[in-house]
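S.K.: What follows is a predicted protein model with its sequence.
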Amino acid sequence: MRVIIAGSGLSGLVMGHCLLRAGIDDFVILERRPDPVERSGSVIGLFPQTFRVLDQLDLVDDIKKLSPPLHHWLHLDSRGRTIYDGEFFDCLEANHGHPSTLLMRRDLMEVLYSKLPDAERRVFPNKKVTGIEQDDSSVTVTCADGSTFKGDVLVGCDGVHSAVRRFAIEQPRGELKPPLRSEYRGLFGSCPRPDGLAPCNVTETHNTGIVFMILCTEDTAFWLITHRKDKGAPDSQKYSAEDIQALVEKYENHSVAPGAKITFGDLWRARDPVPGPGMYDYHEGVAKRWYNGRVVIVGDAAHKMTPNLGQGGNNSIEDVASLINQLNALVKEKPSPTTAELEGAFARFQKEREARVKFIAGMTGRYTRWTSWRNWPSWFMQYWVWPLLGDRFIVNRLLSPMIRESIKLDFVEEKHLPAGKVAWKYR
Ligand SMILES: Cc1cc2nc3c(=O)[nH]c(=O)nc-3n(C[C@H](O)[C@H](O)[C@H](O)COP(=O)(O)OP(=O)(O)OC[C@H]3O[C@@H](n4cnc5c(N)ncnc54)[C@H](O)[C@@H]3O)c2cc1C
């Protein structure tokens, strides 16, 4: 079976590794960027369930080496006073064995790329997918440079504005309206970690309509400033340097650290120039249908959630595991499956993932609204109820039941499975 993957982002590269584990080594990855590896200045948090899949792919040691585990998640008010200081990540690790870590995104992508056997031969940069045609026996992808690639299956790992979703699922099925809305926008950037913000911790400062999340590695402080958009603002906007400056000027004196010792302006003035800060809409939405014929989508192409709980990438990897389990079972039985058989496998994949993804996307959307005090019930929830419940309760009752049900590859051994208090559903 020949598989074409669109996009060499997180799910595209993990897909490549998983295909090899399933013995499917005839695949190509088409990437629109000139560089096969995404080298953004952003960070990504990985949760314990993702380490299970990375372990099955023999990547866990390389990735754990990149950064020490996260510990606390500290919540502050606008005067730098502690609302509560939770042992969020320590509780997660105690429950599930594996840690949660914060990685430079480019380091993670470099490991995924460099450890993919024959990556130079399989990953094609400068290949923007611009057209897709399929018949009963194959699918053909056309790229912007006129090149074409023919395969048995196309997997769209091409992110939130997925061309694969548009050309191969929405348009042929007459579902033209994109399923994405956005009520929030985020300003992202980084600077050297200042002394007043502890390494390997997350610090959130809350206020009405805004939350400043500062995620610190040993050396670097990454900021994710979530801001509620004006009522009636369009769902998709491009933000100029002036738009960013306007937000910075409004909030530059806002405290972002314990004791109000550091303001957002301090971080802004120390900002790393490359790649520099950026502002984006937080799209939210789950596509109605994730497959059509020989084409299937995973990751952000299928579901987009707010980044405040760090679930989008972890769920993209879980999608890949679920889809590969289905494909592996199918091709072991039928090496050249028909379109109907492939659709059956894709339908089982969507069924396995959709309700869970909707639940998680809903949870992270609510978290975004609570923590940026959207209205007084959100403020009440975040300021009074959460501290009263405490992280132990929140992790044990809300997150761990979700994490324990995560899907891993069902045909590959795990080499390291550290003991935790909560039993995994899939052993
Ligand atoms: C600031 C921020 C912080 C985040 N933090 C976390 C976190 O801590 N934890 C977490 O789990 N998630 C996090 N996320 C979400 C996570 O980054 C995404 O969910 C994840 O990257 C999705 O992976 P993907 O492979 O589906 O899409 P992407 O990573 O977006 O990859 C898509 C790839 O497809 C390529 N592409 C696009 N169109 C085409 C085309 N037409 N032809 C060919 N190639 C194409 C793109 O260039 C890209 O390489 C965060 C997101 C943001 C914005």
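M.R.: Okay, I see it. Nothing here was measured: the structure is a model prediction, and the numbers come from that model.
S.K.: can you give me the strands in the stretch 101-250 of the chain?
M.R.: 101-104, 123-124, 129-134, 139-143, 148-151, 153-156, 181-192, 202-207, 210-216, 220-228 (DSSP state E, counting those that start in this stretch).
S.K.: Next, the contact list for the spatially most central residue of the chain, please.
M.R.: The centroid of the chain falls nearest to residue 313 when counting by CA atoms, centre = their mean (2.1 Å). For residue 313, the contact set (CB atoms under 8 Å, 6 or more residues apart in numbering) comprises 10, 44, 46, 50, 299. Glycine gets a C-beta too; all of them are placed from N, C-alpha and C.
S.K.: which of the strands of the stretch 101-250 of the chain sits most buried?
M.R.: Most buried of those by mean neighbour count (mean count of other CB atoms under 10 Å) is strand 153-156; its value is a mean of 30.
S.K.: Looking at that strand now, give me its mean pLDDT.
M.R.: Mean per-residue pLDDT for strand 153-156: 98.
S.K.: can you tell me if it touches the ligand.
M.R.: No: Strand 153-156 lies out of reach of the ligand by CB under 6 Å from any ligand atom, never closer than 8.7 Å.
S.K.: Give me the distance between that strand and the centre of its chain.
M.R.: Mean-position distance between strand 153-156 and its chain equals 19 Å (CA atoms, centre = their mean, to the nearest Å).
S.K.: got the CA coordinates for that strand in PDB?
M.R.: Below are the C-alpha coordinates for strand 153-156, written out as PDB (Å, rounded to 0.1, in the frame of the first residue of the first chain):
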ATOM      1  CA  VAL A 153      -4.500   6.500   0.600                       C
ATOM      2  CA  LEU A 154      -4.100  10.200   1.300                       C
ATOM      3  CA  VAL A 155      -3.800  11.300   4.900                       C
ATOM      4  CA  GLY A 156      -4.400  15.000   5.500                       C
END
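S.K.: wait, residue 357 sits on residue 286?
M.R.: Yes: Residue 357 is within contact range of residue 286, at 6.1 Å (criterion: CB atoms under 8 Å).
S.K.: if we can go back for a sec, just to be sure, the residue nearest to the centre of the chain is in a strand?
M.R.: No: Residue 313: not assigned to a strand; according to DSSP: H, G, I helix; E, B strand; the rest coil it is helix.
S.K.: residues in contact with the closest residue to the ligand within the stretch 101-250 of the chain?
M.R.: Proximity of the stretch 101-250 of the chain to the ligand (CB to the nearest ligand atom) peaks at residue 159, 3.1 Å away. Contacts for residue 159 (CB under 8 Å, 6+ apart) come out as 7, 9, 299, 300, 301.
S.K.: Now do the nearest residue to residue 130 once chain neighbours are set aside, the pLDDT please.
M.R.: Leaving out its chain neighbours, the residue that sits closest to residue 130 by CB to CB, 6 or more residues apart in numbering is residue 144, at 4.9 Å. Looking at residue 144, its pLDDT is 98.
S.K.: Pull the contacting residues for residue 144.
M.R.: Residue 144 is in contact with 32, 127, 128, 130, counting by CB under 8 Å, 6+ apart.
S.K.: now with 10 Å?
M.R.: 32, 126, 127, 128, 129, 130, 131 (CB atoms under 10 Å, 6 or more residues apart in numbering).
S.K.: same question, residue 41
M.R.: When contacts are counted by CB under 10 Å, 6+ apart, residue 41 is found next to 104-106, 188-190, 220, 222, 272-278.
S.K.: Any idea how far stretch 398-415 is from the middle of the chain?
M.R.: 17 Å.
S.K.: Repeat that for stretch 190-205.
M.R.: 21 Å.
S.K.: ok, then the element right after the strand or helix carrying residue 284?
M.R.: For residue 284, the host element (DSSP states H and E) is strand 278-286. Using DSSP H and E, the helix or strand that follows strand 278-286 in sequence is strand 291-292.
S.K.: name the helices or strands packed onto that next one?
M.R.: Packing partners of strand 291-292 (3 or more CB pairs under 10 Å, 6 or more residues apart in numbering; DSSP states H and E): strand 153-156, helix 339-371.
S.K.: Could you say which of those is packed most deeply?
M.R.: Comparing the helices and strands packed on strand 291-292 by mean neighbour count (mean count of other CB under 10 Å), strand 153-156 ranks first with a mean of 30.
S.K.: gap between the residue nearest to the centre of the chain and the ligand?
M.R.: 3 Å (CB to the nearest ligand atom, to the nearest Å).
S.K.: per-residue pLDDT, the nearest residue to residue 265 once chain neighbours are set aside?
M.R.: In this structure, residue 265 finds its nearest non-sequential neighbour in residue 252, 3.3 Å apart by CB to CB, 6+ apart. pLDDT recorded at residue 252 is 97.
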